[in-house]
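> what's the 3D shape of this:
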Amino acid sequence: MIMERFIPALSWLKGYNRGQFSQDATAAFIVTMLLIPQSLGYAMLAGVPPEVGLYSSILPLVLYALFGTSTSLSVGPVAVASLMTATSLGVIAEQGTASYLTGAITLAMLSGAMLIIMGAMKLGMVTNLLSHSVISGFISASGIIIALSQLKHILGVSAHGDNVVELLATMVESIGEFNGVTFAIGASVVTFLLLARRYAKRVFLMLKASPSAAGSLAKTAPILGVAGSLAIVYFYNLQSHGVAITGHIPAGLPTLGLTLPSLDLIKALALPALMISIIGYVESISVGKTLGAKRREKVKPNQELIGLGAANIASGVSGGFPVTGGFSRSVVNFDAGAVTQLASVMTAIGIMIASLLLTPLLYFLPKATLAATIIVAVMTLVDFSILKKTWQFSRSDFYAVFATISITLLMGVEVGVASGVILSIALHLYRTSKPHVAEVGLIDGTEHFRNVKRYEVKTSPNLLCLRPDESLFFANATFLEDYVVDAISQRKDITHVVIQCSAVNEIDYSALEMLEALNVQLETLNIKLSFSEVKGPVMDNLERSGFLKHLTGKVYLSQYQAFNDIAKA
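Coordinates of the predicted model:
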């Protein structure tokens, strides 16, 4: 049991059978077909040689299979992490140089180490500090930047930049380089993939495939786009017409090695690695939990940190760049029938075979095809409906999401992700700094207390009953104090204030100091301060602090008891 806790794969390996093997093998074949073009495309997006994308899709899958807890999550290069890699490395090295590749490997290693440390410290709850609406806005904006960054390959022009303004400006400047043949290839592949996304499943159903198999096979359309465009370039010698091709991709497997980076490089990449780790983990755990819920399996956040960390360490050791769980790949893996992580191990074997045998065939693969594959893939990331939803539900959420999207588009993903994290925390602090405080009264004929503004309730002129719907801590302590002082200043008959603590799970030291000061202030006005429905852990802290010895009022077991006692006085 102890070993299974550290190596979750041992739990499903015990009862593994032939039927599961057949399902996993089928899923592995389909995911391999999808992962080959994705790995090459995301390597291009990250600015590293294409074979590095394949290397990043071998050993990381095996390590996650051992240490991860999701049976469906497929780990490897993904769009947002690849873009963040390129953005982070663009300021310290030039693409195509050895130092750039060293930086990519260092990012993977740092990210892996950080994730493992967070897992060991049980910081899986870190996602609770990030607003999912804000992260959704960041990912949507990143999808736009990724699509624009790949548009240059479709048009056959030069363009560079970390944000929408720079990308569009440089693209317009180089529009004279436009290549009609390249555009025709890229546009055709985009059109094919979009049509395949909509109609391919129907075609496979017409060919008598089962609904689940048809859905999975439909998502392997990128491999057909690769094969078709590659054949056209080869037979018509289109590279002589200016069509950029992938060129020579070394055949073979990655060389495993561990080279310690310089301290200066670690310092330069530490913050980007942390950002990649956080965003990658949020994306992975979201996908893992969503798919896990469909199978009623529990995905353990802290172990997921360790699993993703091990995958990134494996990527760095094998000469790759940061990896995480991919949404589209994982969904295909799930829909294709994968029941254990052995499907990922078999996918890794498939990528190994491709690295050994298929790379010479990819020589004539047009870069426009890879760009088209990425553009269509990231279109699923872009969802600006979050703006409408947050506007209708919560204006503070809307402003945070809008700010994150705008900052990411105008200033790039590094600033965007940092602003997203800061805005998420700021949004949390803003909400908790102004907790909902309800004045409550007794519903006649019951022992229940409700908001006086929402229900017809019984109150007493000498009694102010307040229910703060939040734990009391440094950010909101002053707010509650001001609320009480303002209320008693308007009602001269009040002789007792009772704070109903049914929603208070914690009181920190700052809030305790506020309560002590409030107790003294009310005493000078001949008003007694009491509490009701105080939870056990909170009560223990109040007793240890000595606060209750100086409390002018009482601590009541229930609000009903407090009301009956004081309202009669």
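
> Tell me who's in contact with the nearest residue to residue 247 once chain neighbours are set aside.
Excluding the flanking residues, the one nearest residue 247 by Cβ to Cβ, 6 or more residues apart in numbering is residue 363, at 6.3 Å. C-beta here means a position set from N, CA and C on the backbone, and glycine is covered the same way. Contacts for residue 363 (Cβ atoms under 8 Å, 6 or more residues apart in numbering) come out as 245-249.

> Now do residue 363, the pLDDT please.
pLDDT for residue 363: 93.

> Relative to residue 11, how far out is it?
Residue 363 sits 44 Å away from residue 11 when distances are taken as Cβ to Cβ, to the nearest Å.

> what's the residue nearest to residue 247 sitting at in phi/psi?
phi -60, psi -40 (degrees, to the nearest 10).

> Likewise for residue 297?
phi -110, psi 150.

> is it true that it touches residue 73?
No. Residue 297 lies out of contact with residue 73 (Cβ atoms under 8 Å); the separation is 10.9 Å.

> higher neighbour count, these two?
Ranked by neighbour count (other Cβ atoms under 10 Å), residue 297 and residue 73 place residue 73 first, with 31 against 14.

> quick check, the more buried one in a helix?
No. With DSSP: H, G, I helix; E, B strand; the rest coil as the criterion, residue 73 is coil rather than part of a helix.

> ok, now which ones touch it?
64, 284, 287-288, 291, 325, 330, 333.

> Could you do residue 71 as well?
Contacts of residue 71 by Cβ under 8 Å, 6+ apart are 12, 292, 295, 297, 338-341.

> Let's see the pLDDT reported for the nearest residue to residue 297 once chain neighbours are set aside.
Nearest non-adjacent residue to residue 297, counting by Cβ to Cβ, 6+ apart: residue 71, 6.2 Å away. Looking at residue 71, its pLDDT reads 89.

> Then residue 233?
Residue 233 is assigned a predicted lDDT (pLDDT) of 94.

> number of nearby residues for it?
24.

> nearest residue to it other than its sequence neighbours?
Per Cβ to Cβ, 6+ apart, closest to residue 233 is residue 364, 4.6 Å.

> Contacts only, for the most centrally placed residue in the chain.
For the chain, the residue nearest the mean C-alpha position is residue 282 (2.5 Å; Cα atoms, centre = their mean). Residue 282 is in contact with 127, 130, 135, counting by Cβ under 8 Å, 6+ apart.

> from memory the last one sits against residue 424, does it?
Yes. Contact status for residue 135 versus residue 424: in contact at 7.5 Å, counting by Cβ under 8 Å.

> Where does the prediction get shaky in the stretch 51-200 of the chain?
128-129 (pLDDT under 70).

> Quick one: the strands in it, in order.
In the stretch 51-200 of the chain, the strands defined using DSSP state E, counting those that start in this stretch lie at 75-76.

> And the strands in the chain, which stretches?
For the chain, the strands defined by DSSP state E cover 75-76, 324-325, 437-442, 449-451, 463-468, 496-500, 528-532, 555-556.

> The second one - what's its average pLDDT?
Taken as a whole, strand 324-325 has an average pLDDT of 92.

> any residues touching it, and which ones?
70, 73-75, 78, 81, 280-281, 283-284, 287-288, 308, 311.

> buried stuff in stretch 394-403?
Within stretch 394-403, the residues scored as buried using 16 or more other Cβ atoms under 10 Å are 397-398, 400-401, 403.

> which one of the residues you listed is nearest residue 315?
Nearest to residue 315 among the buried residues of stretch 394-403 is residue 401, at 31.3 Å by Cβ to Cβ.

> tell me what the lowest-mean-pLDDT helix or strand in the chain is packed against?
Least confident helix or strand, the chain: helix 2-6 with a mean of 73, by mean pLDDT, DSSP states H and E. If you count contacts as 3 or more Cβ pairs under 8 Å, 6 or more residues apart in numbering; DSSP states H and E, helix 2-6 packs onto helix 9-13.

> before we move on, the earlier item: among the contacts of residue 73, which one has the most neighbours?
Most surrounded of these: other Cβ under 10 Å gives residue 64, at 33 neighbours.

> thinking again about what came up before, counting neighbours, which of the contacts of residue 282 comes out on top?
Neighbour counts for these (other Cβ under 10 Å) peak at residue 135, which has 23 neighbours.

> roughly how far apart are that residue and residue 209?
The value you get for residue 135 to residue 209, if Cβ to Cβ is used, is 36 Å.

> CA-only coordinates of stretch 310-330, as PDB, when you get a sec.
Provided in PDB are the C-alpha atoms of stretch 310-330 (Å, rounded to 0.1, in the frame of the first residue of the first chain):
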ATOM      1  CA  ALA A 310       8.800  13.600 -13.000                       C
ATOM      2  CA  ALA A 311       7.600  14.000 -16.600                       C
ATOM      3  CA  ASN A 312       9.400  17.400 -17.000                       C
ATOM      4  CA  ILE A 313      12.600  16.000 -15.400                       C
ATOM      5  CA  ALA A 314      12.400  13.200 -17.900                       C
ATOM      6  CA  SER A 315      11.900  15.700 -20.700                       C
ATOM      7  CA  GLY A 316      15.000  17.600 -19.600                       C
ATOM      8  CA  VAL A 317      17.100  14.500 -19.200                       C
ATOM      9  CA  SER A 318      16.100  13.400 -22.800                       C
ATOM     10  CA  GLY A 319      16.900  16.800 -24.300                       C
ATOM     11  CA  GLY A 320      13.300  18.100 -24.400                       C
ATOM     12  CA  PHE A 321      11.300  21.200 -23.300                       C
ATOM     13  CA  PRO A 322       8.500  21.700 -20.800                       C
ATOM     14  CA  VAL A 323       5.500  19.300 -21.100                       C
ATOM     15  CA  THR A 324       2.200  19.000 -19.400                       C
ATOM     16  CA  GLY A 325      -1.200  17.300 -19.900                       C
ATOM     17  CA  GLY A 326      -2.800  18.200 -23.200                       C
ATOM     18  CA  PHE A 327      -6.600  18.700 -23.500                       C
ATOM     19  CA  SER A 328      -7.100  17.500 -27.100                       C
ATOM     20  CA  ARG A 329      -4.700  14.500 -26.700                       C
ATOM     21  CA  SER A 330      -6.300  13.400 -23.400                       C
END
